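In: Need coordinates for the following:
(2 chains)
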Amino acid sequence: MTRSSLDPEQSRPEKSDPEQSRPEAILEVRNIGKSYGSVRALQGVSAAVGPGEVLCVLGDNGAGKSTFIKILSGAHRHSEGTLLAFGVERRFEHPREALDLGIATVYQDLAVVPLMPVWRNFFLGSELSRGRGPLRRLDVAGMRSTTKHELARMGIDLRDVDQPIGTLSGGERQSVAIARAVHFGAKVVILDEPTSALGVKQAGVVLSYIARARDRGLGVVFITHNPHHAYPVGDRFLLLQRGTSVGDFAKSAITIDEMTALMAGGAELEALAHELERP
Amino acid sequence: MTVAVGAEIDERPTRAHPLLTVLRRPEVGALVAAVAIFLFFSLSTQAFLTPAGISTWLYSASLFGIMAVAVALLMIGGEFDLSAGAMTGTTGLIVGVVTTQWGLNIWLALVLALVVALSIGAGNAWVVMKTGLPSFIVTLATFFILQGCNLALTKLITGSVAIQGMGSVPGFDQVKVFFGSSFPFLGMDVKISIVWWIALTALATWVLLRTRPGNWIFAVGGQVTSSRQVGVPVLKVKLGLFMTTAGAGWLVGMLQLFDVSTVQATTGVGQEFIYIICAVVGGCLLTGGYGSAIGAALGALIYGMTLQGIVFAQWDNNWLKAFLGGMLLLAVLVNLLVRRQSGVRA
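Out: The predicted structure follows:
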């Protein structure tokens, strides 16, 4: 890391004005904040994501990324600022409310049951049935073919949707979880560190599915601490540090090096580089 | 910049070997073992394959089988019930005491026993779910409570440790049609409990594989947090499973009571582990989320055939326990192997 003169205040050429709203945004936050008792986990964060757009939320551990997701997904209520979904102000009491509006969150553990077949996982909790009364039964054929079809639309080609989902690679499992969210009516998918546990190649697979979801007109909120994963696929970048926003940048306004430096605190990295140098 | 990697997925799992697909079924191991044991005793003893012999070991298997199927559902759902054995005694004793001692109508007595059983099952579920304690410990406590109450209350009320005079209770013969009768079939004297066993195994299989609650049973046993996240009613599923097991305990209690017209205060004690063994031999994982009702029924069949086969062969019947232990160890090893082979990265 060599950008010694990087000063956050100077390198924000196109930081968006928090007060200026984006009419086309599906999901938008303005000066949002959250306190847990006396601890302020997040404050003054503004960002928006529109259809066919990828908003990357970057930050080191403890930057407030998970608090941010919890607010968007309805798991926690925000204590300051406003949250708008489809232009309407909302205060989510329960994740179900966000989900009903088409805001789906794919958590790190993916909410899958490893020993169950792929198609059973795909429809778990929202199973299709046919027949009535005591003959009401799972529409197994329908669920199998829908799963296959939906995965194919995301570019995932499984030979056998009957295999336990635990036999898929991490990237594929992640992609099945995204495809599931899309199938059940998501307009925005919030992805919580989908690439953090993956190797380079598998992370690439997931990134390509993110791009595909974007191309299908979904808004994507992609949470990560890896600028190298965020930069290729992102349209806008929200950088968080110690619970506040360092900036919300359009892709044209920032380079990957600047982003890395901003995330970790350029001066600190500079000092570290100096320290680690061979004498 | 676009994403360079990922246009092609080259890490797809290789296609499973056809044999492996069959071996992946949880009940396959038990089926092979059942056939082997059937052949062994058929060839080595005279009585085993006679109509009388067959009905004997089928009856024996049926009582264990009904419980094993219920216990298998519960284990797939990720829980244990150690009070299942004592429950067969409790329900039989309730009906015996309230009819012979207090003269209650026999049908009302049946309903009363069922209500008590279901309440105890619901109680087990409630404590397990509200406290987060392992069901192994909670139902171990229930087991001791039931075992103690069965003996102490029976002695207190009747003055002995067994129910006498059940046969002279009004309406006994009517109820016996449902729980203690038998009918001729292909030269065999088939006890009604065998019909119950087969019907319940079929029903449990249908529920597990073809209904939403069945899907949820696998899910709550396999990964409870994921199930909650996708909206599976975890509490209801577990409640239903514990109540089903208790209900099966009631059924077996009735089947025993109306077959022999008496019940001992110690009935069912020590059997809870046999149910679990039958379920495990039938392919259930101790960790939940995997197993089969047919497998558990086959596990019970193995147990029933061995129990009676050893008698027919006139061996020391202590060999049964040793055999049971060996079977269990073998089944657990086979399960482990299959799970590894199927490549689940759980």
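In: Please name every helix or strand in contact with the strand or helix carrying residue B:72.
Out: Element membership of residue B:72, judged by DSSP states H and E, is helix B:51-76. Counting contacts by 3 or more CB pairs under 8 Å, 6 or more residues apart in numbering or on different chains; DSSP states H and E, helix B:51-76 packs against helix B:84-100, strand B:188-191, helix B:192-210, helix B:212-222, helix B:234-260, helix B:272-281, helix B:293-312. For the C-beta atoms, the positions are set from N, CA and C on the backbone; glycine is no exception.
In: What are the buried residues along it?
Out: B:53-76 (16 or more other CB atoms under 10 Å in any protein chain shown).
In: same deal with stretch B:188-207?
Out: Neighbour-count burial for stretch B:188-207, counted by 16+ other CB under 10 Å, picks out B:188, B:190-194, B:196-197, B:200-201, B:204-205, B:207.
In: so which of those residues also contact chain A?
Out: Among these, no residue is within reach of chain A (CB under 8 Å from any CB of the partner chain).
In: Let's have the residues you listed in TSV, adding distance to residue A:29 and pLDDT.
Out: Formatted as TSV, these follow (distance: CB to CB, whole Å; pLDDT from 0 to 100):
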residue	distance to residue A:29	pLDDT
B:188	74	86
B:190	70	92
B:191	69	93
B:192	66	95
B:193	64	95
B:194	65	96
B:196	60	97
B:197	60	97
B:200	54	97
B:201	55	97
B:204	49	97
B:205	50	96
B:207	45	95
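In: So for residue A:15, what's the pLDDT?
Out: pLDDT recorded at residue A:15 is 45.
In: Please read the previous query as pertaining to residue A:109.
Out: 72.
In: Residue A:46: what secondary structure?
Out: Using DSSP: H, G, I helix; E, B strand; the rest coil, the secondary structure recorded for residue A:46 is strand.
In: ok, now how distant is it from residue B:312?
Out: With distances taken as CB to CB, to the nearest Å, residue A:46 is found 82 Å from residue B:312.
In: Give the helix, strand or coil label for residue 151.
Out: Picking chain A for this. Residue A:151 ends up helix, using three-state DSSP.
In: isn't it right up against residue A:157?
Out: Yes. Between residue A:151 and residue A:157 there is a contact under CB atoms under 8 Å: 7.4 Å.
In: Neighbour count for the two, which is higher?
Out: residue A:151 (22 against 11; other CB atoms under 10 Å in any protein chain shown).
In: and the more buried one, what is it in contact with?
Out: Residue A:151 makes contact with A:118, A:157, A:158, A:161, A:175, A:176, A:179 under the criterion CB atoms under 8 Å, 6 or more residues apart in numbering or on different chains.
In: Can you tell me how far the closest residue in space to residue B:86 that isn't next to it in sequence is from residue B:166?
Out: Leaving aside its sequence neighbours, residue B:86 sits nearest to residue B:146 (CB to CB, 6 or more residues apart in numbering or on different chains; 3.8 Å). Separation of residue B:146 from residue B:166 (CB to CB) stands at 20 Å.
In: the more surrounded of those two?
Out: residue B:146 (25 against 20).
In: my guess is that one is in a helix, correct?
Out: Yes. Per three-state DSSP, residue B:146 lies within a helix segment.
In: for it, what are its contacts?
Out: Applying CB under 8 Å, 6+ apart, the residues contacting residue B:146 are B:83, B:86, B:87, B:89, B:90, B:120.
In: residues near the first one, how many?
Out: By other CB under 10 Å, the residues close to residue B:83 number 29.
In: OK, contacts around it?
Out: B:120, B:124, B:139, B:140, B:142, B:143, B:146, B:246, B:249, B:272.
In: for those, which one is nearest chain A?
Out: Distance to chain A across these (CB to the nearest CB) is lowest for residue B:246, with 22.4 Å.
In: So the residue lying closest to the closest one once chain neighbours are set aside, which state does it fall into?
Out: Spatial nearest neighbour of residue B:246, excluding adjacent residues (CB to CB, 6+ apart): residue B:121 at 2.9 Å. At residue B:121 the chain is in helix, as set by three-state DSSP.
In: Name all residues that make contact with residue B:121.
Out: B:81, B:242, B:243, B:244, B:245, B:246, B:247.
In: Can you give me the distance of the second one to residue B:119?
Out: As defined by CB to CB, residue B:242 lies at a distance of 11 Å from residue B:119.
In: Would you mark the buried spots in stretch A:123-133?
Out: Here stretch A:123-133 shows A:123, A:124, A:125, A:127 as buried, counting by 16+ other CB under 10 Å.
In: I'd say residue A:27 and residue A:85 touch.
Out: Yes. Using CB under 8 Å, residue A:27 is in contact with residue A:85, at 5.6 Å.
In: joint contacts of those two?
Out: Common neighbours of residue A:27 and residue A:85 (CB under 8 Å, 6+ apart) are residue A:103.
In: So for the residue nearest the centre of chain B, what's the pLDDT?
Out: Residue closest to the mean C-alpha point of chain B, counted by CA atoms, centre = their mean, is residue B:68 at 1.6 Å. Per-residue confidence (pLDDT) for residue B:68: 97.
In: so which residue of the stretch 51-200 of chain B comes closest to chain A?
Out: For the stretch 51-200 of chain B, CB to the nearest CB, closest residue to chain A: residue B:76, 10.0 Å.
In: still on that earlier bit, flag whichever of the buried residues of stretch A:123-133 scores worst on pLDDT.
Out: residue A:125 (85).
In: give the contact list for that one.
Out: B:219, B:227, B:230, B:231, B:232.
In: For residue A:27 and residue A:85, indicate the residue with more neighbours.
Out: residue A:27 (24 against 21).
In: So what sits opposite that one in the bridge?
Out: residue A:49, residue A:85 (DSSP bridges).
In: Kindly provide the distance from it to residue A:249.
Out: Taken as CB to CB, the span from residue A:27 to residue A:249 is 18 Å.
In: any idea how far the helix holding residue B:72 is from the chain center?
Out: 7 Å (CA atoms, centre = their mean, to the nearest Å).
In: quick one, it and helix B:212-222 angle?
Out: 70 degrees (axes from the mean of the first three to the mean of the last three CA atoms, to 10 degrees).
In: so helix B:51-76 versus helix B:192-210, what angle?
Out: Using the same axes, to 10 degrees: helix B:51-76 against helix B:192-210 is 30 degrees.
In: quick revisit: point out the one among the helices and strands packed on helix B:51-76 that comes closest to residue B:331.
Out: helix B:272-281 (4.3 Å; CB to CB).
In: Contacts for that closest one next, please.
Out: By CB under 8 Å, 6+ apart, helix B:272-281 touches B:29-30, B:33, B:64-65, B:67-68, B:70-72, B:75, B:80-86, B:143, B:286, B:291, B:295-296, B:298-300, B:302-303, B:324, B:327-328, B:331-332, B:335.
In: For the buried residues of stretch A:123-133, could you give me CSV that also reports distance to residue A:169 and secondary structure?
Out: CSV is the format used below for the buried residues of stretch A:123-133 (distance: CB to CB, whole Å; DSSP: H, G, I helix; E, B strand; the rest coil):
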residue, distance to residue A:169, secondary structure
A:123, 21, helix
A:124, 20, coil
A:125, 24, coil
A:127, 26, coil
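In: and which of those residues is nearest chain B?
Out: The closest of the buried residues of stretch A:123-133, once distances to chain B are taken by CB to the nearest CB, is residue A:125, at 3.5 Å.
In: any idea of the pLDDT on the closest residue to that closest one other than its chain neighbours?
Out: Leaving aside its sequence neighbours, residue A:125 sits nearest to residue B:230 (CB to CB, 6+ apart; 3.5 Å). Predicted confidence (pLDDT) for residue B:230: 81.
In: what sits against residue B:230?
Out: Residue B:230 touches A:111, A:124, A:125, A:126, B:219, counting by CB under 8 Å, 6+ apart.
In: rerun that using 10 Å as the cut-off
Out: A:111, A:112, A:113, A:121, A:123, A:124, A:125, A:126, A:180, A:184, B:216, B:219 (CB atoms under 10 Å, 6 or more residues apart in numbering or on different chains).
In: and the nearest residue to the last one once chain neighbours are set aside, how many neighbours does it have?
Out: Excluding the flanking residues, the one nearest residue B:219 by CB to CB, 6+ apart is residue B:227, at 4.2 Å. With neighbours defined by other CB under 10 Å, the count for residue B:227 comes to 25.
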